Each structure stands twice: as structure tokens, then as C-alpha cells.
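**Student:** here is the input, now give the coordinates:
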Amino acid sequence: MELRPIAHDDVRPYASRAAKEHVSLSEGATPTDWWGVFDGGRLVAFAGLLPLRNGYRFRGAYTLPGERGKGYGTMLLTGLIDRVAPARIEAIALDPRIYDRLGFRRASESRTRSGTTVTRVILEGRRHVW
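**Tutor:** Prediction:
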């Protein structure tokens, strides 16, 4: 497995599938650094790292459906944490359990207009050591 930078164009083919799971892969006004996990040369998971004034935000963290449960998401997020630590990192999570395991704290919870529950999670000033 390998974690490496990718272009936003590399995630575009997955946008409609991710949108069905309420994951946005749009770029927005501020450029996002995209990273991918590759296994055997195939992209299996990816996330954007959006610089903020006081840290970073994970955007569009996504593991392909057939590849879930294999550790790719954990590798992706821990690799990104290691790249920006000890900066503050936040994310909006549909399923915050992976963030719980990585030491994030749950800051707030809300519902989207469609009724989906989302949780804002934060990791502050800590370096994750494996």
C-alpha cells in the first residue's frame, strides 16, 4: 500500500458514487490537496486536505465500497495526520467511529436537510504515533 498525492481529476470518476453516500468531492473556493491510497497501483481510498487559517480540514474522505474494512481509510487518515501534525485538524463525519479511534474528539452533531446526521470532529495539537 502506498499513500501519495493525487490530482482532483483522479477523484472525479467517483463523485457520483460518493455523492450517493453524502460525500462531496467538489473543490470549493479554496484549493484542496488530494491524497490517495494505492494498492497494487489501484486507487482504493482518498481524501482532500484543505488548509484553514488555524489548521486543516479533511474533505471527501472516501474508501471504495469493495475495499472497506481493509485498513485503507485508517492508513489514509493517519498518513495525513502525520504530514500536518501538530496542526489542528477537523472533519465532518457521517460515521465518526474511525475518527474516535484516531483520537479526535466530537465537537458537535447536526442534521442535514435530508435528515442525515453529521458529526464535526477535531484533533488538536497531537501527533498520532503507531
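
**Student:** got a list of what Asp33 touches?
**Tutor:** With contact taken as CB atoms under 8 Å, 6 or more residues apart in numbering, Asp33 is in contact with 5, 48-51. For the C-beta atoms, the positions are set from N, CA and C on the backbone; glycine is no exception.

**Student:** ok, it to Leu80 distance?
**Tutor:** Asp33 sits 9 Å away from Leu80, going by CB to CB, to the nearest Å.

**Student:** mind listing the shared neighbours of these two?
**Tutor:** Here Asp33 and Leu80 have Leu49 as joint contacts, going by CB under 8 Å, 6+ apart.

**Student:** just the mean pLDDT for stretch 71-82, thanks.
**Tutor:** Mean pLDDT, stretch 71-82: 94.

**Student:** quick one: buried ones out of the contacts of Asp33?
**Tutor:** Neighbour-count burial (16 or more other CB atoms under 10 Å) is assigned, among these, to 48-50.

**Student:** those in helices, which ones?
**Tutor:** With helices taken from DSSP state H, there is no overlap with the buried ones among the contacts of Asp33.

**Student:** how about TSV for those, with distance to Gly71 added?
**Tutor:** What follows is those, written out as TSV (distance: CB to CB, whole Å):
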residue	distance to Gly71
Gly48	20
Leu49	20
Leu50	24
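
**Student:** switch those over to TSV; also include pLDDT and distance to Arg106.
**Tutor:** Converted to TSV, the buried ones among the contacts of Asp33 look like this (pLDDT from 0 to 100; distance: CB to CB, whole Å):
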residue	pLDDT	distance to Arg106
Gly48	90	21
Leu49	90	21
Leu50	88	20
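
**Student:** now Ala15: closest residue in space that isn't a chain neighbour?
**Tutor:** Distance criterion CB to CB, 6 or more residues apart in numbering; nearest residue to Ala15, sequence neighbours excluded, is Leu25 at 4.6 Å.

**Student:** how far away is that neighbour from Pro13?
**Tutor:** 10 Å.

**Student:** in this structure, where's the longest helix?
**Tutor:** Assignment by DSSP H gives helix 72-84 as the longest helix of the chain.

**Student:** alright, calling it a day.
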